[in-house]
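S.K.: Fold the following.
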Amino acid sequence: MTYSAVGLEKLIRLCERELNWLDMTLNVKKSCCLRIGPRCDVPCANITTLTGHVLPLTKEIKYLGIFFVQSRALKCAIDDAKCSFYRAANAILAKSAG
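M.R.: Numbers count the residues shown, from 1 in each chain. Below you'll find the model as predicted:
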């Protein structure tokens with residue numbers, strides 16, 4: 001997390017250098033950026049990696065089963081988690097009732 005797109009790009013490049021030192025790479029297919037704060041809906045410059053790949057800006061990110069949503073304040077969408085909970089609870093109740 002950083003306060004600016006420039007800071008994020010510097011942080012990503014620093015992480016990439018460390019990964020290269022460990023003979024690892026950043027998986028750009030699974031990487032993206034999310035803006036949170038008062039300027040979340042304002043377009044910004046592309047975030048690029050050392051290899052020149054552009055990391056896309058998204059409106060929603062799933063991390064450890066929780067969806068974080070682009071907004072003016074840190075916001076989570078729990079609709080998916082609630083659906084999964086009720087699906088599991090209904091499956092358990094259906095087995096015990098039958």
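
S.K.: Can you name every helix or strand that the lengthiest helix in the chain contacts?
M.R.: Longest helix of the chain, by residue count under DSSP state H: helix 79-97. In terms of contacts (3 or more Cβ pairs under 8 Å, 6 or more residues apart in numbering; DSSP states H and E), helix 79-97 is packed against strand 66-69. C-betas here are computed from N, CA, C, even on glycine.

S.K.: ok, then the element right after the strand it packs on?
M.R.: Downstream of strand 66-69, the next assigned helix or strand under DSSP states H and E is strand 75-77.

S.K.: And that next one, how far out from the chain middle?
M.R.: Taking Cα atoms, centre = their mean, to the nearest Å, the mean C-alpha location of strand 75-77 is offset from the chain mean by 12 Å.

S.K.: Now do the contacts for H53.
M.R.: By Cβ atoms under 8 Å, 6 or more residues apart in numbering, the contact set of H53 is V28.
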